[in-house]
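Novice: The following comprises the amino acid sequence and a computationally predicted model.
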Amino acid sequence: MQLANDEITIKLGQEFIALRPTLRNALRLARREGSFASVTQDVLDGSLTAARDIIITNYCVPFLEQKIMDAGLENLKEPLLAYLFLCTGIDVDADEQSSNNASTVSFEEHLAGLYRIATGWIGWPPNVALDATPAEVLEAYKGRTDMLKAIFGDPNETKQNGMSLDQKVSSVMQSFGAKKVTREGVAI
């Protein structure tokens, strides 16, 4: 998942506008009548209302509809669809195996799950969670789970030959070339 590419830039008039696919914007679009599929279809159909609904949260100016029409709905179709894709939080680089075990949920439930991850697992305040992109939430979650595995161990990993903690420490120390010294002499 590429975090550096989480903004889409469009040109309206003489201005370049950065569209940031935040969780807040994604939830707002999902709550629109017909949900996310409807917004996507409306963009494909060249809907001015859909284009305005996407752009207005990132760029709110008078006569926005006129600026959109001047830029051309056909010219905005591809970047708006890319923006909608980024709002989903789908990782195109994810393992195919993990998607085979996934259950089907609505888009709004998916986004609510991302919000719960951001505020619960990661511990972000609600306003920070809503201003993050789905990709940022997922990467932060991976980082948190990696940290927890490093601290507490990964339950999916096999145990190392059932060795005790003393044996593990001894094994590590021996790999560094350390020798155990006893009163009787040197033991290895």
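Specialist: Sure, I can see it.

Novice: Burial check on G89, number of neighbours?
Specialist: With neighbours defined by other Cβ atoms under 10 Å, the count for G89 comes to 21. Bear in mind the C-beta positions are built from the backbone N, C-alpha and C, glycine included.

Novice: how far away is the nearest residue in space to it that is not next to it in sequence from R24?
Specialist: With Cβ to Cβ, 6 or more residues apart in numbering as the criterion, G89 has its nearest non-adjacent residue at 2.6 Å, and that residue is P134. Noted for P134: a distance of 11 Å to R24, by Cβ to Cβ, to the nearest Å.

Novice: Now do the SS call for the residue nearest to the spatial centre of the chain.
Specialist: Taking Cα atoms, centre = their mean, the centroid of the chain lies closest to A135, which sits 2.0 Å from it. Three-state call for A135 (DSSP: H, G, I helix; E, B strand; the rest coil): helix.

Novice: surely it meets C87?
Specialist: No: under the criterion of Cβ atoms under 8 Å, A135 makes no contact with C87, lying 10.0 Å away.

Novice: show me what contacts G89?
Specialist: When contacts are counted by Cβ atoms under 8 Å, 6 or more residues apart in numbering, G89 touches A26, H110, L111, L114, T133, P134, A135, V137, L138.

Novice: tell me what the helix or strand where the third one lies is packed against?
Specialist: L111 is part of helix 107-116 when elements are defined by DSSP states H and E. The helices and strands touching helix 107-116, judged by 3 or more Cβ pairs under 8 Å, 6 or more residues apart in numbering; DSSP states H and E, are helix 23-30, helix 35-44, helix 134-152.

Novice: for those helices, which one ends up most surrounded?
Specialist: Of all the helices and strands packed on helix 107-116, helix 23-30 has the most neighbours on average by mean count of other Cβ atoms under 10 Å, namely a mean of 21.

Novice: Let me see the mean pLDDT of that helix.
Specialist: In this model, helix 23-30 has a mean pLDDT of 94.

Novice: Please apply the same query to stretch 75-88.
Specialist: Averaging pLDDT along stretch 75-88 gives 94.

Novice: For it, give me every contacting residue.
Specialist: By Cβ under 8 Å, 6+ apart, the list of residues contacting stretch 75-88 reads 6, 8-10, 19, 21, 25-26, 29, 36, 39-40, 43-44, 46, 50-51, 54-55, 68, 107, 110, 133-135.

Novice: same question, stretch 126-142
Specialist: So stretch 126-142 is contacted by 1-3, 6, 20-24, 26-27, 86-89, 91, 111, 114-115, 117-119, 121-122, 124 (Cβ under 8 Å, 6+ apart).

Novice: Output that stretch in PDB with nothing but the alpha carbons.
Specialist: Provided in PDB are the C-alpha atoms of stretch 126-142 (Å, rounded to 0.1, in the frame of the first residue of the first chain):
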ATOM      1  CA  PRO A 126     -11.900  10.500  16.700                       C
ATOM      2  CA  ASN A 127     -10.900  13.700  14.800                       C
ATOM      3  CA  VAL A 128      -7.500  12.200  13.900                       C
ATOM      4  CA  ALA A 129      -9.100   9.000  12.800                       C
ATOM      5  CA  LEU A 130     -11.600  10.800  10.500                       C
ATOM      6  CA  ASP A 131      -8.900  12.900   9.000                       C
ATOM      7  CA  ALA A 132      -6.700   9.900   8.100                       C
ATOM      8  CA  THR A 133      -7.000   8.000   4.900                       C
ATOM      9  CA  PRO A 134      -8.000   4.400   4.900                       C
ATOM     10  CA  ALA A 135      -4.500   3.400   3.800                       C
ATOM     11  CA  GLU A 136      -3.000   5.300   6.700                       C
ATOM     12  CA  VAL A 137      -5.400   3.500   9.200                       C
ATOM     13  CA  LEU A 138      -4.500   0.100   7.700                       C
ATOM     14  CA  GLU A 139      -0.700   0.800   7.800                       C
ATOM     15  CA  ALA A 140      -0.900   2.100  11.400                       C
ATOM     16  CA  TYR A 141      -2.800  -1.000  12.300                       C
ATOM     17  CA  LYS A 142      -0.100  -3.200  10.800                       C
END
